[in-house]
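Colleague: Turn this into a model:
(chains A and B)
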Amino acid sequence: MKNDGFHRPSRTVHRKAALLIVLSLSILFISTRTVFRVPDLFHGYVIGTIQKAFAAAGSFVSRTVGAVSELRTLKKDYEALLAKTQEYELKEREFTSLIEENRRLKDLLGLTSFPDAKKIAAHIIARDPGNTYSSFVIDKGYNEGIRKYMPVIAFQDGVEGLVGKIIDVKATTSTLQPLYDQRFFVAARLAKTRAEGLANGRGFRDAPMTLLYIPKTEMDSLKQGDIVVTSGLDQVFPQDIIIGRVESYQINEFSSSLVIAVQPAIDLSRVEYVFAIDNQGTLTPNAGGNQ
Amino acid sequence: MRSFFISLGASILMLFIQSTWLSHGIIFGIIPDLAMSIVLFSAFINKDGQGIIVAFIAGLIADMLSAAPLGYYAFLYVSCAYLATLLSYVAEKDIFVIPFLLGAGAAIARGILTRLVSWIFAANINTYQLFSAEFGIELLADGFFTVLVFFILTFFQPFLENSPRKALP
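Modeller: Numbering: from 1, shown residues only, chains lettered A, B, ... in the order given. Now for the predicted structure:
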């Protein structure tokens, strides 16, 4: 026990705490029913500007520190690159012919990635400060044409994969919900067998997603590494965007479907740039309206 | 009043740092809640409830930086700050045990309170998975980082304390 004269908290402390807890819950009550919106000027411009400033400062420092250590390896890399250049020249010829062949085949099949969609490139400038929510903040807002529920993809190691969807749009920044968020759902299907299910995030960046409602009858053909893509049935995401690969699956005795763990195709811890897909016109008119 | 604004400014600064420079996490992708550590320090050394008000405003700023609904972090921060203020009446601040208990205890309180909030407000409320490895890591990280934050802030205690004369024997 302390002997400084403060043996019991005063009533004022209890009153302050009770008042602020009630106030917080009241705000939460109102905001979860979207009655109250933070004034857009403050939320959209001030917060966004500060986040951009912090991201720029952090980027400057990390690049400066990185540049010093990078100089040491540059010479070694340069020599290795010279040797590789020759190798790549040969490969390039082969690659060009493959691109041409791919284009012709796509034309024949009528498949192109989002033919009518505009892609808006954006930089991830901030993430959620806590661990329960997992939003990303990108540096593009409604001024640049971003709209709520736009699908967001990224390119990484030659793969075009799903990142998430836009859940909040401000003037110069937007918030995107990544696919590992526990409230993220996407209609998905197995690329090989076209069996349809629903993929859901588990709340942690490194934890695989869960693919539900794939019938047990698919078990024989299901293999580790099978590709999972969007089905397009949710009217939010265009079909055939790669979500990830099957990592493992569980069989529940009393259920008619499998529980499949899906490792996302895009490593979201390394993503810096993303593309919001303006799919207006590629989906049905009420796309995303019921979200 | 000066100590109020310094505590608030420090916790808001930490929130911005958490959402930008520390956004990839420190340990296994987990972001330690440094803003909460500052709020806990303020609540523990200011027995008059000043830390609770700091917690409320810092919580509202956290809500704006997050995808969480407005009021979510405000509620969590105020509740944890209140518990820290109550603890200050029965325990002395030391170098390790009390800060660790405060940091880790605040993580447990957040875990339980998010469950409670999700029962009351079903829409758009994310919860901690209390028995997951990630929550265990977060609990330990918050405990150890709170020890570190308390150690550093002890040097600046006169600037963060509302009435330093009351702390004298």
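Colleague: And chain A, is the longest helix seen in chain B touching that?
Modeller: For chain B, the longest helix by residue count, based on DSSP state H, is helix B:97-120. Yes - under the criterion of Cβ under 8 Å from any Cβ of the partner chain, helix B:97-120 makes contact with chain A via B:110, B:114, B:117, B:120. Heads up, the C-betas are built off the backbone N, CA and C, glycines and all.
Colleague: Selecting buried members of those in ChimeraX, what would you type?
Modeller: Listed next is the ChimeraX selection for buried residues among the residues of helix B:97-120 next to chain A, using 16 or more other Cβ atoms under 10 Å in any protein chain shown:
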select /B:110,114,117
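Colleague: Put together CSV for the residues of helix B:97-120 next to chain A, with pLDDT on each row.
Modeller: CSV is the format used below for those (pLDDT from 0 to 100):
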residue, pLDDT
B:110, 94
B:114, 92
B:117, 89
B:120, 85
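Colleague: Closest one of the residues of helix B:97-120 next to chain A to chain A?
Modeller: residue B:114 (6.2 Å; Cβ to the nearest Cβ).
Colleague: Which residue ranges of chain B form helices?
Modeller: For chain B, the helices defined by DSSP H occupy B:2-19, B:34-45, B:50-65, B:72-88, B:97-120, B:133-154, B:157-160.
Colleague: Give me whichever of those helices is most buried.
Modeller: Of the helices of chain B, the one with the most neighbours on average (mean count of other Cβ atoms under 10 Å in any protein chain shown) is helix B:34-45, at a mean of 29.
Colleague: Can you add distance to residue A:58 and give the helices of chain B back as JSON lines?
Modeller: Formatted as JSON lines, the helices of chain B follow (distance: least, Cβ to Cβ, whole Å):
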{"stretch": "helix B:2-19", "distance to residue A:58": "9"}
{"stretch": "helix B:34-45", "distance to residue A:58": "15"}
{"stretch": "helix B:50-65", "distance to residue A:58": "15"}
{"stretch": "helix B:72-88", "distance to residue A:58": "22"}
{"stretch": "helix B:97-120", "distance to residue A:58": "25"}
{"stretch": "helix B:133-154", "distance to residue A:58": "19"}
{"stretch": "helix B:157-160", "distance to residue A:58": "26"}
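Colleague: The ones you listed: which one's closest to residue A:204?
Modeller: Residue A:204 sits nearest to helix B:133-154 of all the helices of chain B, at 5.1 Å, using Cβ to Cβ.
Colleague: any weak-confidence spans in chain B?
Modeller: B:122-123, B:163-169 (pLDDT under 70).
Colleague: Look up the closest residue to residue A:266, ignoring the ones flanking it.
Modeller: Of all residues not flanking residue A:266 in the chain, residue A:161 sits nearest, at 4.0 Å (Cβ to Cβ, 6 or more residues apart in numbering or on different chains).
Colleague: same thing with residue B:145?
Modeller: Per Cβ to Cβ, 6+ apart, closest to residue B:145 is residue B:32, 4.1 Å.
Colleague: mind listing what's buried in the helix or strand in which residue A:247 is found?
Modeller: For residue A:247, the host element (DSSP states H and E) is strand A:242-251. Residues A:242, A:243, A:244, A:245, A:246, A:247, A:249 are the ones in strand A:242-251 that count as buried (16+ other Cβ under 10 Å).
Colleague: Switch those residues over to a markdown table; also include pLDDT and distance to chain B.
Modeller: Formatted as a markdown table, those follow (pLDDT from 0 to 100; distance: Cβ to the nearest Cβ, whole Å):
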| residue | pLDDT | distance to chain B |
| --- | --- | --- |
| A:242 | 93 | 22 |
| A:243 | 95 | 20 |
| A:244 | 94 | 17 |
| A:245 | 93 | 20 |
| A:246 | 93 | 22 |
| A:247 | 93 | 17 |
| A:249 | 91 | 20 |
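Colleague: helices and strands around the lengthiest helix in chain A, which ones?
Modeller: Longest helix in chain A by number of residues (criterion: DSSP H): helix A:47-109. The contact analysis (3 or more Cβ pairs under 8 Å, 6 or more residues apart in numbering or on different chains; DSSP states H and E) places helix A:47-109 against strand A:118-127, helix B:2-19, helix B:50-65.
Colleague: Off-centre distance for the last one?
Modeller: On the basis of Cα atoms, centre = their mean, to the nearest Å, helix B:50-65 is displaced by 10 Å from the centre of the chain it belongs to.
Colleague: Are it and chain A in contact anywhere?
Modeller: Yes - residues of helix B:50-65 are located near chain A by Cβ under 8 Å from any Cβ, namely B:52, B:53, B:55, B:56, B:59, B:60, B:62, B:64, B:65.
Colleague: wait, is the residue nearest to residue A:266 part of a strand?
Modeller: Yes - according to DSSP: H, G, I helix; E, B strand; the rest coil, residue A:161 belongs to a strand.
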